[in-house]
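Asks: With the input below, show me the fold.
(2 chains)
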Amino acid sequence: MKINNWQPNISLEILKARADLLRLVRVFFQKINCLEVETPTLSGSTTPDPNIESFSTRQHQQTYYLHTSPEFPMKRLLAAGSGAIYQICKVFRQGEAGRYHNPEFTMLEWYQPGLNYHALMQQVDELIACLLNDVCSLENTIYISYKDAFEKYVQVNPFATTNNELLAALRKHRIELYNNEPSLDKDALLDLIISQLIQTQLPANTPVFIYDYPASQAALAKIRQQDSYQVAERFELFINGVELANGYQELLDASEQQQRFEAENKKRAAAGLMTIPIDQRLIAALAAGIPMVSGVAMGFDRLLMLAMQKESINEVIAFTIDKA
Amino acid sequence: MPNYSTNEFRGGLKIMIDGDPCSIVENEFVKPGKGQAFNRVKIRNLKTGRVIERTFKSGESVEAADVLETEMEYSYTDGSSWTFMDSETYEQVSADEIAVGDAMKWLVEQDTYTITLWNGNPISVSAPNHVVLTITETDPGVRGDTSGGGGKPATCNTGAVVRVPLFIDEGEKIKVDTRTSEYVGRVKD
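Replies: Numbers count the residues shown, from 1 in each chain, chains lettered A, B, ... in the order given. As a prediction, the model looks like this:
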């Protein structure tokens, strides 16, 4: 059979833009004295997050997972006293393909000991100012809490609302769920509202940081009590409707981390998904002690999309999964 | 019928929504880095032609619709149903007024149409891009006027009313674009 679709998706111009952007990122981190590191792509453990499906493979009798983010081993480096570190690497998430997704993508992830998550948001903004200065009006960066964003754009208090109220808000904006009844929990509805009703209304060409997520969406972020409810000290960066980065004031408590992993595994089991062996090396590193640290992961392909004003991730990756 | 999971969704896939056969027009995968994945899907109802949107939780599955598109010749009408025939098997199907829809005014006996069958029954009829019709009624032709400007309405043998140039006479055959209802040219026998 003759193969005709061997050509890359992208032009030489984009290939060069990718190389330039990588270089600019490395210049930025060199300037702030952040060390570039590498950690394993294949690992004996992975995230038990029920919304993220890892690829796995085997060697001898042992299962290895392709990492979905380099977070766990980077935290082990922090525990070993690395100081500020960053990594640019390919990560893998099964089943994620679409306009903004490819199952294999490039992640830029970094950790800043001594910075809290608000200070890290400022640093993310500085990086964006270096990289996207043609595209974004950076003086106008917006910082808004999750609660304020919901109240402003959908007139709902996310910490006090019910599933029915969230479904009504979606319906009001002509988003009809095929099936309202099944296992859709409140967080899933909040996710849908963020991506379809809030991201889409944010001002154009402006970095928008949304912070203080519901504790139920903490992932690996620290949780604190605020008034009558708990928030996760977590932030996300959105630019032109694209979710670009996700950061935490990192959870450093080993036993709480162990409990969160166990709770996620329970959710996986309830959803009929394979459970994941908990990363005991990470737990041990947390127990050994990590200095106060904030960390953030940024989708590098999406960054390139924004820099080159492209509409789809296919336009910035030479060979997407359909051509891999 | 089998079920399709959202990860099999693609343009043209036929699925059942609210009891009606539908065709997927567009499928967008939506997922926050940490959070639930959804598919926002634009769907055309094959009975009404209306496009609606539905949002699926990724991984949900939907019943497939037994929908088949086939080419058939128009045979005749008794006024309440329109009969089409497969020119190879001579098998006949009868479509009602709703299924025939806008194609009604382009139905010419022995011409070939695309029939959408759901569970074997016709639910929609689409005309070819061009049909040849005979003018049954129009103002008398103006000989020699080929300027093409202006034009006049003409009623055709199927009931369709088409704007034609002034020089076209009753009894003449014309080629019409069914997508725009526009006159394309005169057809000489």
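
Asks: what ranges do the helices span in the stretch 151-300 of chain A?
Replies: Remark: helices assigned in the stretch 151-300 of chain A by DSSP state H, counting those that start in this stretch are A:163-172, A:186-193, A:254-270, A:280-288, A:300-307.

Asks: mind checking which of those is nearest chain B?
Replies: Distance to chain B, taken as C-beta to the nearest C-beta, is lowest for helix A:186-193 among those, at 3.7 Å. For glycine as for every other residue, the C-beta is placed from the backbone atoms N, C-alpha and C.

Asks: now what about the closest one, what contacts it?
Replies: Counting by C-beta atoms under 8 Å, 6 or more residues apart in numbering or on different chains, helix A:186-193 makes contact with A:150, A:154, A:156, A:158, A:161-163, A:166-167, A:169-170, A:175, A:214, A:216-217, B:30, B:32, B:35-36, B:38, B:55, B:57, all of which sit outside it.

Asks: That one to helix A:163-172, inter-axis angle?
Replies: With axes from the mean of the first three to the mean of the last three C-alpha atoms, to 10 degrees applied, the angle from helix A:186-193 to helix A:163-172 works out at 20 degrees.

Asks: Just the mean pLDDT for helix A:186-193, thanks.
Replies: For helix A:186-193, the mean per-residue pLDDT is 95.

Asks: just how off-centre is that helix within its chain?
Replies: Centroid separation for helix A:186-193 versus its chain: 16 Å, with C-alpha atoms, centre = their mean, to the nearest Å.

Asks: Now do the buried residues in it.
Replies: A:187-193 (16 or more other C-beta atoms under 10 Å in any protein chain shown).

Asks: now swap in stretch A:317-324 and tell me
Replies: Within stretch A:317-324, the residues that count as buried by 16+ other C-beta under 10 Å are A:317, A:320.

Asks: still on that earlier bit, nearest to B:L13, of the helices of the stretch 151-300 of chain A?
Replies: Comparing those by their distance to B:L13 (C-beta to C-beta), the top pick is helix A:186-193, with 22.3 Å.

Asks: Just the CA trace of that closest one, in PDB.
Replies: This file holds the C-alpha atoms of helix A:186-193, laid out as PDB (Å, rounded to 0.1, in the frame of the first residue of the first chain):
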ATOM      1  CA  LYS A 186     -21.100  18.600  41.200                       C
ATOM      2  CA  ASP A 187     -17.400  18.900  40.300                       C
ATOM      3  CA  ALA A 188     -18.100  17.700  36.700                       C
ATOM      4  CA  LEU A 189     -20.900  20.300  36.300                       C
ATOM      5  CA  LEU A 190     -18.600  23.000  37.700                       C
ATOM      6  CA  ASP A 191     -15.900  21.900  35.200                       C
ATOM      7  CA  LEU A 192     -18.400  22.100  32.300                       C
ATOM      8  CA  ILE A 193     -19.400  25.600  33.400                       C
END
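
Asks: Just want the residue of chain B that's nearest chain A.
Replies: Nearest residue of chain B to chain A, counting by C-beta to the nearest C-beta: B:F29, 2.9 Å away.

Asks: distance between the host helix or strand of that residue and the chain's centre?
Replies: In this structure, B:F29 sits in strand B:20-30 according to DSSP states H and E. Going by C-alpha atoms, centre = their mean, the spacing between the C-alpha centre of strand B:20-30 and its chain's C-alpha centre is 19 Å.

Asks: Sheet partners, orientation included, of the helix or strand just after that strand?
Replies: Scanning forward in sequence from strand B:20-30 by DSSP H and E, the next helix or strand is strand B:38-45. Neighbouring strands of strand B:38-45 in its sheet, by DSSP bridges, are strand B:20-30 (antiparallel), strand B:51-57 (antiparallel).

Asks: Take those and lay them out in a markdown table including distance to A:Q62 and mean pLDDT.
Replies: What follows is the strands paired with strand B:38-45, written out as a markdown table (distance: least, C-beta to C-beta, whole Å; pLDDT from 0 to 100):
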| stretch | distance to A:Q62 | mean pLDDT |
| --- | --- | --- |
| strand B:20-30 | 32 | 95 |
| strand B:51-57 | 33 | 94 |
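
Asks: Most tightly packed of these?
Replies: With neighbours taken as mean count of other C-beta atoms under 10 Å in any protein chain shown, the strands paired with strand B:38-45 reach their highest mean count in strand B:20-30, at a mean of 19.

Asks: which one is the most centrally placed residue in chain B nearest to, not counting chain neighbours?
Replies: Within chain B, one residue has its C-alpha closest to the average C-alpha position: by C-alpha atoms, centre = their mean, that is B:S126, at 2.6 Å. If you skip the residues right next to it in sequence, B:S126 has B:T114 as its closest partner in space, 4.7 Å away by C-beta to C-beta, 6 or more residues apart in numbering or on different chains.

Asks: any idea how chain B splits into domains?
Replies: B:3-63, B:67-126, B:130-187 (automatic domain parsing).

Asks: Please work out which of the ones you listed is packed deepest.
Replies: Per residue and on average, the most neighbours among these fall to domain B:3-63, with a mean of 18 (mean count of other C-beta under 10 Å).

Asks: Please identify which residue in the stretch 1-150 of chain A comes closest to chain B.
Replies: Taking C-beta to the nearest C-beta, chain B has its nearest neighbour within the stretch 1-150 of chain A at A:G98, 2.9 Å off.
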